[in-house]
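Colleague: starting from these lines, generate the structure:
(one chain, ligands or ions: 2)
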Amino acid sequence: MIEFQHVFKSYGRGRNILADINFRVEPGEFIFVSGPSGAGKSTLLKLIGGLEPPSRGSVHVNGHRIDRMPARARPYLRRAVGVILQDMHLLYDRSAIDNVMLPLAVIGLDRRQARNRARAAMEKVGLAGKEDLNPVEISGGEQQRLAIARAIVNRPTILIADEPTANLDQETGRRILDVFRDFNRVGVTTLIASHDKPLMTSYASRTLRIEDGRFFDLRGVA
Ligand code: ADP
Ligand code: ADP
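Modeller: Ligands and ions are numbered 1, 2, ... in the order given. All right, here's what the predicted structure looks like:
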């Protein structure tokens, strides 16, 4: 569950990017976050992932008010929400599987268990056999899958992704969204920011649209 109540967001002393946003997302939904470039899609996702605090209002995730979460509770949020940002932040000084193991090291899982979990995550996104390659040695679509594997390795209940199909051809983009759909089918709440409305049509059943500082909560892909 995600709930925004009267959420405002500005950066520094700038204008409000988001103003008085209210919505609720139920477990298991697949949501398309749409709007023109610069509208605030990434900002919305970052508020859900606890990567940015709201300027005003409250954000609840799985029943916890995350905008007032003490520092010691951060690891819980990191486990609850899998985040895939536009810049995937892959590390190129280590293997693909070591990238996927990172979130498990953070929570203190021992290396053997972490390796097994990371291997399973890579298998789920179709990257079996690529464990020991460096991320530079795999394709753009595979790098996106790697970022997804790293985001789901902690078994989050929510997945948020910012333009996960940008820079990919149509066919590869579909395959990436199929990966998200597979996780959504086993109950993972999924929110994807994208410019590609035709592509999102076959996946999402609800759209949160931000445009000119206004917010629209729409059934279907709009
Ligand atoms: P979108 O994802 O829809 O392209 P963003 O959420 O990235 O939009 O950005 C919304 C607005 O907020 C833009 O005007 C952007 O320049 C601004 N912005 C985003 N991040 C920051 C930041 N860290 N500091 C200042 N301004 C920011
Ligand atoms: P405490 O540290 O208070 O003994 P917990 O270990 O259960 O209690 O949780 C630590 C913090 O993490 C609490 O503030 C709780 O609100 C938060 N928290 C626990 N589970 C989640 C979750 N799935 N999503 C978001 N926050 C959570």
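
Colleague: what's near enough to touch the spatially most central residue of the chain?
Modeller: By CA atoms, centre = their mean, the chain has its centre lying nearest to I160, at 1.9 Å. By CB atoms under 8 Å, 6 or more residues apart in numbering, I160 lies in contact with 45, 48-49, 81-84, 190-192. Using the backbone N, CA and C atoms, a C-beta is placed for each residue, glycine as well.

Colleague: now, those residues that are in strands?
Modeller: In strands, judged by DSSP state E, the following of these are found: 81-84, 190-192.

Colleague: hang on, the earlier thing: neighbour-wise, which one of the contacts of I160 leads?
Modeller: I192 (28 neighbours; other CB atoms under 10 Å).

Colleague: what pairs with the residue nearest to it when sequence neighbours are not counted across the strands?
Modeller: Spatially, and ignoring its direct neighbours in sequence, I192 is nearest to A161 (4.9 Å; CB to CB, 6 or more residues apart in numbering). For A161, the beta-bridge partners under DSSP bridges are I84, I192.

Colleague: neighbours of A161, how many?
Modeller: By other CB under 10 Å, neighbour count at A161 equals 25.

Colleague: please, which helix or strand holds K9?
Modeller: strand 2-10 (DSSP states H and E).

Colleague: and the helix or strand bottoming out on mean pLDDT in the chain, how far out from the chain's middle?
Modeller: The least trusted helix or strand in the chain, going by mean pLDDT, DSSP states H and E, turns out to be helix 74-80, with a mean of 84. Put simply, helix 74-80 sits 13 Å off its chain's centre (CA atoms, centre = their mean, to the nearest Å).

Colleague: appreciated, that's everything.
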